[in-house]
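Participant: Turn this into a model:
(one chain, ligands or ions: 1)
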Amino acid sequence: MLKIATYPQPILRQTAKEITEFNQELRDLAVEMSKIMYEDNGIGLAAPQVSISQKLVVLGDEDNKSFTAYVNPEITFFSREKVVNEEGCLSFPKIFGLVKRSKKIHLKYQDLDGKLHKVKIKDFTAVVLQHEIDHLNGVLFIDRAEKITEGQDLLEALKAKI
Ligand code: CO
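Facilitator: Residues are numbered from 1 along each chain as shown. Alright, predicted model coming up:
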């Protein structure tokens, strides 16, 4: 059973590995990740957050049941136009902060069958994907937050553990 890795577990700072095998194991992992994401009321989850250092992200769909998997995702364009949102993260329970990100992105990724997709994404989904893809590079929302809006004390205590 997968378990969420919380800050400051070192796995969250590692760069995830490219996925080359598109098999049942990968599909099972994506399903398990979507389950744990929904159980914890998350909107997206990256594999390093379940201690698996691979380039896989799942995002919840609007029906709050199904999910979309992004394998080896890469952002090829970031709009200069930015938006600021309050973000949280399943790896940082009870901590929230304001993060500025691009309003629009161009994304290249593979699906669970290995098929390549190139898409333009904007607004909320673009922001969530930027957050999740950061996880694949060991970058966390606290690195980008211009202000911690909730849980500053908690965050300081966690940082002191490093
Ligand atoms: Co996160």
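
Participant: Please give the centre-to-centre distance between the helix ranked longest in the chain and its chain.
Facilitator: Longest helix in the chain by number of residues, with DSSP state H as the criterion: helix 24-39. Distance of helix 24-39 from the chain centroid (Cα atoms, centre = their mean, to the nearest Å) equals 14 Å.

Participant: For that helix, which residues meet the burial criterion?
Facilitator: Leu26, Leu29, Ala30, Met33, Ser34, Ile36, Met37, Tyr38 (16 or more other Cβ atoms under 10 Å). C-beta here means a position set from N, CA and C on the backbone, and glycine is covered the same way.

Participant: Now distance to Ala47 and pLDDT too, for these, in a markdown table please.
Facilitator: Shown next, in a markdown table, are those (distance: Cβ to Cβ, whole Å; pLDDT from 0 to 100):
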| residue | distance to Ala47 | pLDDT |
| --- | --- | --- |
| Leu26 | 10 | 98 |
| Leu29 | 7 | 98 |
| Ala30 | 9 | 98 |
| Met33 | 7 | 97 |
| Ser34 | 12 | 97 |
| Ile36 | 11 | 96 |
| Met37 | 11 | 96 |
| Tyr38 | 16 | 95 |
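
Participant: which among those residues gets closest to Ala157?
Facilitator: Nearest to Ala157 out of these is Ile36 (Cβ to Cβ; 24.8 Å).

Participant: Confirm for me that that closest one is in contact with Ile4.
Facilitator: Yes: Ile36 lies in contact with Ile4 (Cβ atoms under 8 Å); the separation is 6.7 Å.

Participant: Grab the CA positions of the helix or strand where Leu158 lies and hand them over as PDB.
Facilitator: Assessed by DSSP states H and E, Leu158 sits inside helix 152-159. Listed next in PDB are the C-alpha coordinates belonging to helix 152-159 (Å, rounded to 0.1, in the frame of the first residue of the first chain):
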ATOM      1  CA  GLN A 152       4.300  29.000   9.100                       C
ATOM      2  CA  ASP A 153       5.300  27.700  12.600                       C
ATOM      3  CA  LEU A 154       4.700  24.100  11.500                       C
ATOM      4  CA  LEU A 155       6.900  24.700   8.400                       C
ATOM      5  CA  GLU A 156       9.700  26.200  10.500                       C
ATOM      6  CA  ALA A 157       9.600  23.200  12.800                       C
ATOM      7  CA  LEU A 158       9.900  20.800   9.800                       C
ATOM      8  CA  LYS A 159      12.800  22.800   8.300                       C
END
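
Participant: Fine, thanks again, bye for now.
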